[in-house]
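Participant: take this sequence and fold it.
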Amino acid sequence: MATYEVEKITANIIGELYNHGNLNKGVLASIRDSATLVGPRAQAAWPVMMMYLTPQMLSKTGQPTRAETAIYTAMRLYAIHQQSKDQLVYGSAFDSNKELKGKSLFVALAELRQDDDTRVALDRRVQQLLGTTNVNSIITGITHLVGMLKANNWAQKIDYAQLAQDFHSLQAGYDQANRVRLRWGQAYFRPVATTKSEGKKN
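Facilitator: Reported below is the predicted structural model:
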């Protein structure tokens, strides 16, 4: 599979779901209610998702592939974050356009960590997540972290497409998963030059 193919496809799907502000609320609501691609509610997302996936990404057995799991998980996290918000909460970390630019999830969490009111709970969840090798546990942990960003009125766009690429690598084997967790840890624990209020709504 070409490098960053999962990331590009996820970005296209999120664009389709957001639809220039005319959100596909039915699909977004359905995937928020289904933690996995095989859940009955997730079927609402299949037409949008399968339109973009390449044949090589599709399951031949009914067991979701690495790509299907990664892309659906990122879609669901985006849907959770986008709920009740009109402004797009996705942006590419590599986009040169300031209006479209986003941040990787763990960079955003590092900035939220500067808030004394959230640091202890946030550190506990992140350290637990970085210490596990179970993909389903990691996905559950990241879902909680996205919920914390949303609960703190986080206004910064998050690069959910990049996160999909990370989920894909996470499933590729022990060494690949370790590299992903190290990158996440580096982003989260590295000192940041932001104020506590940055990224929050006034």
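
Participant: alpha carbons only for contacts and neighbour counts from here, please
Facilitator: Will do.

Participant: which element is residue 125 on?
Facilitator: helix 116-130 (DSSP states H and E).

Participant: which residues are in contact with the helix or strand that comes right after that helix?
Facilitator: Downstream of helix 116-130, the first helix or strand assigned by DSSP H and E is helix 135-151. By Cα atoms under 8 Å, 6 or more residues apart in numbering, the residues outside helix 135-151 that reach it are 73, 77, 80-81, 109, 112, 122, 125-126, 129-130, 132, 170-171.

Participant: one more time with 6 Å, if that's ok
Facilitator: The contact list for helix 135-151 (Cα atoms under 6 Å, 6 or more residues apart in numbering) reads 81, 129.

Participant: export whichever helix or strand comes after it to CSV, keeping only CA atoms.
Facilitator: Using DSSP H and E, the helix or strand that follows helix 135-151 in sequence is helix 160-170. In CSV, the C-alpha atoms belonging to helix 160-170 read as follows (Å, rounded to 0.1, in the frame of the first residue of the first chain):
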residue,chain,number,x,y,z
TYR,A,160,-7.7,12.9,12.0
ALA,A,161,-6.4,11.8,8.7
GLN,A,162,-2.8,11.6,10.1
LEU,A,163,-4.3,9.7,13.1
ALA,A,164,-5.8,7.2,10.7
GLN,A,165,-2.3,6.6,9.2
ASP,A,166,-1.0,6.1,12.8
PHE,A,167,-3.8,3.5,13.5
HIS,A,168,-2.8,1.7,10.3
SER,A,169,0.8,1.5,11.3
LEU,A,170,-0.2,0.5,14.9
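
Participant: who are the packing partners of the helix or strand following helix 160-170?
Facilitator: With elements assigned by DSSP H and E, the helix or strand that comes after helix 160-170 is helix 174-189. When contacts are defined as 3 or more Cα pairs under 6 Å, 6 or more residues apart in numbering; DSSP states H and E, helix 174-189 sits against helix 105-112.
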